[in-house]
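Peer 1: Turn this into a model:
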Amino acid sequence: MGAQQQGFLLIADITGYTAYLNQSELEHAHEVLQTLLELLIEHTRPPLVISRLAGDAVISYGLQDGFLSGQTFIEMIEDTYVAFKSMVNRMVLNNTCQCNACANISSLDLKFFVHYASFTLQKLDAHAELLGQDVIVIHRLLKNTVRERTGFKAYTLYTEAAIRKLGIEDISESMTPHSETYELIGEVRGWVQDMAPVWAEKKEKSFITVPKEDALAFVEGELPISVTHAWELVTHPEYRALLMNSVRQEVSNTRNGRLVPGSAYHCYHGNGSTTNQLILEWVPFQQVTTEDTTPVPKATVLVNIRLTPTEGGTNISVTCGKARGPFINRILCNLVGKLVVPGSFRRGFENFRKRVEEDLAGATMAQPLAESPAELQLEG
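Peer 2: Prediction:
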């Protein structure tokens, strides 16, 4: 048995699994559930590591210093839920089979449980078993009264310990307080996030595009880090300041502690000038687009940062579009921008790359490309 660790425990549990099996033909039901479990495995990204699969659930863990921000943890769960719902909807729309298993696909949903705990890891066959009193707590939470008391069918339940360690007290104010009491454990307090509004907001999401062909500047490069880490870095003020070739950045106008469209980065440059970067689009693990002020009055530019997973890590591209605003202001901004912006973007990207490489070499960044055990197999 290994030494005691501290970190986050996450269970992604398919809702309606038992009823679905009881009402369905086993062969087709197994194919559907296997597809959905494979999707959950794919979205369990580093720094989370899969411990094991348990029928209708994927159990994973992440060590305490794996995340730069609690918002990224929340966004990872939301991204997983949107992918799950999209898959279920595609199965329903593309289905021509009349069996009960295929007809009942829409009854399946997803819920998550997050706890911060002490645990030990014991290697058992193809997985690392999580052991400890706190591990019992998160498994007990699977049996709860959330739906009866809130009406939420799909949700994420964060324990109080997880909320505190993630530093998302502000964000939790938009969630529903909840508690459960268990024999030998006592009261477990936490907050519940309804996932229905998340799906409603993101299911019809379309991207803002900034064509690189006629942009003022375009730079890209691949770094040996997971897309989760890349997203944290390009949105974190300290690292984003390097990427934007500035001295420092600050954020403002967050909503319940979260950066969202309408929030802004304030970019401070060495010559005393500042740039305000209004967030227009925030698509976790894919892209963020801002509208940035320029030295030319009333002229702004769109700046798009896009992430693309690769075999070796993540490709990061930064595109600065041509100026927007009154005609004369646009012309002047584009003329000056062609002389200044490309070099500034190249220097910023190299400074960013250098910092990431230094972090990796100094082991200050969590293992970026750690994968869950390849030998894990779906049960059934």
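Peer 1: Pass me the low-pLDDT residue ranges in this protein, would you?
Peer 2: Low-confidence segments of the chain, defined by pLDDT under 70: 1-2, 23-28, 66-68, 95-98, 100-102, 125-126, 363-380.
Peer 1: Most distant residue from the centre of it?
Peer 2: Taking Cα atoms, centre = their mean, the residue of the chain most remote from its mean C-alpha position is Ile328, at 40.9 Å.
Peer 1: how much space between it and Ser273?
Peer 2: According to Cβ to Cβ, to the nearest Å, Ile328 stands 21 Å off from Ser273. In short, each C-beta sits where N, CA and C put it, glycine included.
Peer 1: Which strand or helix spans the residue farthest from the centre of the chain?
Peer 2: Ile328 is located in helix 327-361, with elements delineated by DSSP states H and E.
Peer 1: Could you name the helices and strands sitting against that helix?
Peer 2: Where contact means 3 or more Cβ pairs under 8 Å, 6 or more residues apart in numbering; DSSP states H and E, helix 327-361 is packed against strand 217-223, helix 237-243, strand 313-320.
Peer 1: If we use 6 Å, what do you get?
Peer 2: strand 217-223, helix 237-243 (3 or more Cβ pairs under 6 Å, 6 or more residues apart in numbering; DSSP states H and E).
Peer 1: Look up the closest residue to Thr80, ignoring the ones flanking it.
Peer 2: His43 (4.1 Å; Cβ to Cβ, 6 or more residues apart in numbering).
Peer 1: now do Arg347
Peer 2: Nearest non-adjacent residue to Arg347, counting by Cβ to Cβ, 6+ apart: Asn245, 5.2 Å away.
Peer 1: for Gly325, phi and psi?
Peer 2: phi 130, psi -170 (degrees, to the nearest 10).
Peer 1: From Gln34, how far out is it?
Peer 2: Noted for Gly325: a distance of 53 Å to Gln34, by Cβ to Cβ.
Peer 1: Tell me which of the two has more neighbours.
Peer 2: Gly325 (16 against 13; other Cβ atoms under 10 Å).
Peer 1: which residues touch the spatially closest residue to the more buried one that is not a sequence neighbour?
Peer 2: Nearest residue to Gly325, sequence neighbours excluded (Cβ to Cβ, 6+ apart): Ala299, at 4.2 Å. Ala299 sits next to Ala323, Gly325, Asn329, Arg330, Cys333 when contact means Cβ atoms under 6 Å, 6 or more residues apart in numbering.
Peer 1: can you do 8 Å?
Peer 2: Taking Cβ atoms under 8 Å, 6 or more residues apart in numbering, we find Ala299 in contact with Ala323, Arg324, Gly325, Pro326, Asn329, Arg330, Leu332, Cys333.
Peer 1: How many residues are close by Leu157?
Peer 2: By other Cβ under 10 Å, neighbour count at Leu157 equals 26.
Peer 1: Can you name the next helix or strand after the strand or helix carrying it?
Peer 2: Secondary structure from DSSP H and E places Leu157 in strand 155-159. Moving toward the C-terminus from strand 155-159, the next helix or strand (DSSP H and E) is helix 160-166.
Peer 1: Distance check, the residue nearest the centre of the chain against Phe349.
Peer 2: Centroid-nearest residue in the chain: Met76, 2.5 Å away (criterion: Cα atoms, centre = their mean). In this view, Met76 and Phe349 are 25 Å apart by Cβ to Cβ.
Peer 1: ok, now Ile316?
Peer 2: 8 Å.
Peer 1: Need the overlap of contacts for these two.
Peer 2: Common contacts of Ile316 and Phe349 (Cβ under 8 Å, 6+ apart): Gly221.
Peer 1: Between these two, which is the more surrounded one?
Peer 2: Ile316 (25 against 21).
Peer 1: which residues does that one bridge with?
Peer 2: Residues in a beta bridge with Ile316, per DSSP bridges, are Gly221, Leu307.
Peer 1: Do I have it right that it meets Leu223?
Peer 2: Yes - under the criterion of Cβ atoms under 8 Å, Ile316 makes contact with Leu223 at 6.4 Å.
Peer 1: Can I get the contacts of Ala299 in TSV including distance to Ile11?
Peer 2: Below are these laid out as TSV (distance: Cβ to Cβ, whole Å):
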residue	distance to Ile11
Ala323	49
Arg324	46
Gly325	50
Pro326	54
Asn329	54
Arg330	52
Leu332	56
Cys333	51
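Peer 1: Just name the closest of those to Glu281, please.
Peer 2: Arg324 (15.0 Å; Cβ to Cβ).
Peer 1: For the closest one, give me its contacts.
Peer 2: Glu291, Ala299, Thr300, Val301, Leu302, Arg330.
Peer 1: Among those residues, which one is most surrounded by other residues?
Peer 2: Counting neighbours by other Cβ under 10 Å, Val301 leads the contacts of Arg324 with 28 neighbours.
Peer 1: Point me to the helix or strand that includes that one.
Peer 2: Element membership of Val301, judged by DSSP H and E, is strand 300-310.
Peer 1: what is the orientation angle of that strand with helix 327-361?
Peer 2: 30 degrees (axes from the mean of the first three to the mean of the last three Cα atoms, to 10 degrees).
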